[in-house]
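A.B. asks: Dropping the sequence and predicted coords here.
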Amino acid sequence: MAAVKELIRSEADGSISFGDYTQNSKQKLDNYEYNGDIYKVKTFQEITKLERNGMFVYESVPGTAVSDFREDGDGVEFLAEGNEDAQITVELAEDTEYEVFIDGKSIGKMTTNLGGKLSINVELGNGTVVRVRVSR
């Protein structure tokens, strides 16, 4: 996997890919339409952020490249790549317990806050790609 040079793109399997952690300065793309929703992505070395219809979806500090991002009523799943370890925050149902998996291994259960946000620390760097799955 590599940085998404288009900043965001739709994949044939119904997922989306976004983010370019290799950029030295902020890059953004507004008004990307996918499945009837409007997406906005901001990305560079320090942060990657995705919004859908003006609402928070994903954020990583520092920036990441994300592929195969898909959501359903039970959670979210994606591949993340970056130059260094990252804190990833995703928006889910508020005050709900989820199990978090990194590369297929459960790292435990976590509960979202009242705003629905859940933060996960992932070990990245040197082209490392990890699969993250968060499910009820």
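C.D. replies: That came in fine, so what should we check first?

A.B. asks: give me the beta-bridge partners of the residue positioned nearest the centre of the chain?
C.D. replies: In the chain, the C-alpha nearest the mean C-alpha coordinate belongs to Y58, at 4.6 Å (C-alpha atoms, centre = their mean). Beta-bridge partners of Y58, counted by DSSP bridges, are L50, V90.

A.B. asks: Repeat that for L118.
C.D. replies: Going by DSSP bridges, L118 forms beta bridges with V90.

A.B. asks: Please look at it and L92 and confirm they touch.
C.D. replies: Yes. Counting by C-beta atoms under 8 Å, L118 touches L92, with 5.6 Å between them. All C-beta atoms are positioned from the backbone trio N, CA, C, and that covers glycine.

A.B. asks: Find the residues that touch each one of these two.
C.D. replies: 98, 112, 134 (C-beta atoms under 8 Å, 6 or more residues apart in numbering).

A.B. asks: Only C-alpha atoms, please: export whichever helix or strand R131 is part of in CSV.
C.D. replies: Element membership of R131, judged by DSSP states H and E, is strand 129-135. Written as CSV, here are the backbone C-alpha positions of strand 129-135 (Å, rounded to 0.1, in the frame of the first residue of the first chain):
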residue,chain,number,x,y,z
VAL,A,129,0.5,-1.7,7.1
VAL,A,130,-2.0,-2.8,9.8
ARG,A,131,-5.6,-3.9,9.5
VAL,A,132,-7.8,-2.3,12.1
ARG,A,133,-11.3,-3.6,12.8
VAL,A,134,-13.7,-2.2,15.4
SER,A,135,-16.9,-4.1,15.9
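
A.B. asks: Begin at 781, not 1, for the rest of this chat.
C.D. replies: OK, 781 is where the count begins now, so the last one is strand 909-915.

A.B. asks: hmm, back to that, could you single out the nearest of the shared contacts of L898 and L872 to D848?
C.D. replies: Top of the list for closeness to D848, among those and by C-beta to C-beta, is V914 at 13.9 Å.

A.B. asks: quick one, helices of the chain?
C.D. replies: Assigned by DSSP state H, the chain shows no helices.

A.B. asks: Cool, thanks, signing off.
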